[in-house]
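Student: how would this look folded up:
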Amino acid sequence: MTRALVVTKPGDRSVLEVQEVDVASPGPGEVQVRVAAVGVNFIDVYKRQGVYPLPTPFTLGDEGAGVVEAVGSGVEGVSIGDRVAWAGSPASAAELTNIVATQVVPVPDRVELDVAAAAMLQGMTAHYLVNSTWPVQEGQIALVHAAAGGVGQLLVQLITSKGATVVATAGSDEKLQIAKDLGAAQLINYREFSGDALAEQVRKVAGRGVDVAYDGVGKATFDASLKSLRPRGMGVLFGGASGQVEPLDLQVLNRLGSLFVTRPTLASYLLDREELLWRSGDVLGQLADGSLKLQVGAKFALDDAAAAYEALEGRQTTGKVLLIP
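Tutor: Numbering: from 1, shown residues only. Take a look at the predicted model:
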């Protein structure tokens, strides 16, 4: 048995319960991990609410890090005692969990396990967004909404490291200062602008339409994201912290300058183990050598998971939120 964070039925945070659940020995191709830290992410919220429907009850959590305690048959390259991290593996929010061995990656010695847990989903998301969805080039201008959030902070750093300029938005001056310290060139408090006024302000501070808009906020900002783009620019909607975006009339893309729009997800950018090792290796390697900084904004015990998600959903945090089983 192990303690786990269970979604009892679709709903609000009140449906979360810490329960004792059975954990079998690892099956063929699996490893069993003693979990050190679990990432708190909006995908958990979507699953809990039923936006991404799952049969209930189920154990929440897709991301974490820990130490391998047992290895199933047929597993190669992973041993008892290895420090590992993962993203996209269900039932992670538990003291003990079984994971398909090909989904875990090694954690460098210079990276603490809580940092590794914080880095996996958001780090690889930022990695694919700037390297694959829209390969950022030197001299380009990128709009990053919620730039003080977990993905936002990483996006700012990765974009500026490529010689591109970041126009950052956030909901307070304190959060904007975080983005500035990480390299953002232009700052906008989106509490002071909305809709067309936000797009106009982006164009004003950028000097032109931006090449790409990275939008994890969703409903409250996406129209402004599109109107901030240069002709043939790309709007990248990778989350919906403020709610889901309404269906889009494709003629809008025509009128605004033959724009591109995409709604990517990490799973589509981790199609094989080689891609997983590339993205995770880049992110964890940069954390190990200090060229990438990651802020763990808050840690909560498993029993306080509702408070952790309240902070996330209320956009009260900067950096990454973790559960510590």
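Student: report back the residue of this structure that's furthest from centre.
Tutor: Ser73 (32.1 Å; C-alpha atoms, centre = their mean).
Student: report the contact partners of the residue lying closest to it once chain neighbours are set aside.
Tutor: Of all residues not flanking Ser73 in the chain, Pro28 sits nearest, at 4.8 Å (C-beta to C-beta, 6 or more residues apart in numbering). Bear in mind the C-beta positions are built from the backbone N, C-alpha and C, glycine included. Counting by C-beta atoms under 8 Å, 6 or more residues apart in numbering, Pro28 makes contact with Gly72, Ser73, Gly74.
Student: coming back round to it: which helix or strand contains the residue farthest from the centre of the chain?
Tutor: For Ser73, there is no enclosing helix or strand under DSSP states H and E.
Student: tell me the domain ranges of the chain?
Tutor: Under the assignment automatic domain parsing, the domains of the chain span 2-120+270-324, 137-263.
Student: how long is the last one end to end?
Tutor: What it means is domain 137-263. 21 Å (C-alpha to C-alpha, to the nearest Å).
Student: now that domain, how far from the centre of its chain.
Tutor: Its chain's C-alpha centre and that of domain 137-263 lie 16 Å apart, by C-alpha atoms, centre = their mean, to the nearest Å.
Student: now that domain: mean pLDDT?
Tutor: The average pLDDT for domain 137-263 rounds to 95.
Student: what of the longest one?
Tutor: With pLDDT averaged residue by residue, domain 2-120+270-324 scores 95.
Student: how about the helices in the stretch 51-200 of the chain?
Tutor: 113-128, 150-161, 173-181, 195-206 (DSSP state H, counting those that start in this stretch).
Student: and Asp215, which of those is closest to it?
Tutor: With C-beta to C-beta, the closest approach to Asp215 among these belongs to helix 150-161: 10.4 Å.
Student: so which elements touch that closest one?
Tutor: helix 113-128, strand 141-144, strand 165-170, helix 173-181 (3 or more C-beta pairs under 8 Å, 6 or more residues apart in numbering; DSSP states H and E).
Student: give me that answer again for 7 Å
Tutor: helix 113-128, strand 141-144, strand 165-170 (3 or more C-beta pairs under 7 Å, 6 or more residues apart in numbering; DSSP states H and E).
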